[in-house]
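S.K.: generate coordinates for the sequence data below:
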Amino acid sequence: MGTTFNPKLSIVKIENLRLRAFIGFMDWETEKLQDLIISFSFKYDTALASETDDIQNAVDYKKITKEIIDFVDNKSFFLIEALAEKIYVHIQNSNAGLEEINVKVEKPNALRFTDSVMVQIDGRDRYNTAIIALGSNINREENFAQALKYLQEVGFLMQRTEFKKTKPLKFESQPEFLNGAVLLHTKKSLSELKMHLKQIEAILGRVRTENKNAPRQIDLDVTTFNGFIIDEDIQTFPFLQDFVQQLQPEIPLENSDLV
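M.R.: You can find the predicted model right below:
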């Protein structure tokens, strides 16, 4: 991500998707199909889709909707809360770049004297999980300490790896790097998190030059976000794979698609 990174967020809304399912734990509820009204929305960076007018650069909301229909229609659920959560997780797992996911599930005529019962999930109330990789070969320990201090303002640092020294790989005429990673819980979206990291790098004095592998005060990268592999350098630097295995061993590294 360059310093000109400037996402253009747009909202996609799917409203009043009408399906039928067995919903509830009473005997009659497990035997009779009931109406459900499902609405959801999300934001994503539509800059590239708008610029190219190419569907390959857009989020396929038709596919997401069809998948929701497939696992809800004519299926069985005890709680409307559980159904709303399954829909939220499904949308979240469809693309790392989706932000402010909102899911609303209504069960019409569920209670006497009311129009409906509704459960709503607002993604702004949920924490995202990310691995942030740190690297420095100028005043390494001091810049690491400062970076960790600033990262605490972005979210909660839940775990960290050991910090270790590595030899420079692509541009060898420079000091050894100090590398490490932290597991962060944050309410920042992926695009917001990337911009915060660039801000921290700038505050700590990093100046970008034509040599992308030049010595630097600090390098901060999103390695994973909500289970997605984000950093393409994970294929180049084995220590990044070690960090993921230490902090999120549940994420498969082999055959993982980069975002």
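
S.K.: pull the longest strand from this protein.
M.R.: strand 9-23 (DSSP state E).

S.K.: the residue nearest to Arg126 when sequence neighbours are not counted and Leu220, how far apart?
M.R.: Leaving aside its sequence neighbours, Arg126 sits nearest to Lys187 (C-beta to C-beta, 6 or more residues apart in numbering; 7.5 Å). Using the backbone N, CA and C atoms, a C-beta is placed for each residue, glycine as well. Distance of Lys187 to Leu220, given as C-beta to C-beta, to the nearest Å: 18 Å.

S.K.: what does Ala214 give?
M.R.: For Ala214, the distance to Leu220 - C-beta to C-beta - is 16 Å.

S.K.: so those two - more neighbours on which side?
M.R.: Leu220 (23 against 15; other C-beta atoms under 10 Å).

S.K.: okay, that one: pLDDT?
M.R.: Model confidence at Leu220, given as pLDDT, is 96.

S.K.: what of Glu153?
M.R.: Here the pLDDT value assigned to Glu153 is 96.

S.K.: can we start the residue count at 138 from this point?
M.R.: Sure, I'll start numbering at 138, so the last one becomes Glu290.

S.K.: so what strands line up beside the helix-or-strand element of the chain with minimal mean pLDDT?
M.R.: Every helix and strand of the chain was ranked by mean pLDDT, DSSP states H and E. The lowest is strand 301-303, at a mean of 90. Here strand 301-303 is paired, per DSSP bridges, with strand 314-323 (antiparallel).

S.K.: for the next helix or strand after the strand it pairs with, name the packing helices and strands.
M.R.: Towards the C-terminus, the helix or strand next in line after strand 314-323, according to DSSP states H and E, is helix 327-340. In terms of contacts (3 or more C-beta pairs under 8 Å, 6 or more residues apart in numbering; DSSP states H and E), helix 327-340 is packed against strand 236-245, strand 265-273, helix 277-288, strand 356-362.

S.K.: which of the ones you listed is buried the deepest?
M.R.: Highest mean neighbour count among the helices and strands packed on helix 327-340 (mean count of other C-beta atoms under 10 Å): strand 265-273, with a mean of 24.

S.K.: now it, how far from the centre of its chain.
M.R.: 13 Å (C-alpha atoms, centre = their mean, to the nearest Å).

S.K.: same deal with stretch 224-238?
M.R.: Counting by C-alpha atoms, centre = their mean, stretch 224-238 is centred 8 Å from the centre of its parent chain.

S.K.: what residues sit buried inside that stretch?
M.R.: 224-225, 227-229, 231-236, 238 (16 or more other C-beta atoms under 10 Å).

S.K.: closest one of those residues to Pro245?
M.R.: Among the buried residues of stretch 224-238, Ile224 lies closest to Pro245 (C-beta to C-beta), at 17.2 Å.

S.K.: which ones are touching the closest residue to that closest one other than its chain neighbours?
M.R.: Spatial nearest neighbour of Ile224, chain neighbours left out: Val240 (5.1 Å); criterion: C-beta to C-beta, 6+ apart. Contacts of Val240 were listed using C-beta atoms under 8 Å, 6 or more residues apart in numbering, and they are 175-177, 221, 224-225, 228, 257-258.

S.K.: out of those, which is nearest to Ser310?
M.R.: Ile228 (47.4 Å).

S.K.: ramachandran angles for that closest one?
M.R.: Dihedral pair for Ile228: phi -60, psi -40, per degrees, to the nearest 10.

S.K.: ok, now how distant is Lys145 from Gln336?
M.R.: Between Lys145 and Gln336 the computed distance is 19 Å (C-beta to C-beta).

S.K.: same question for Ile238.
M.R.: Separation of Ile238 from Gln336 (C-beta to C-beta) stands at 25 Å.
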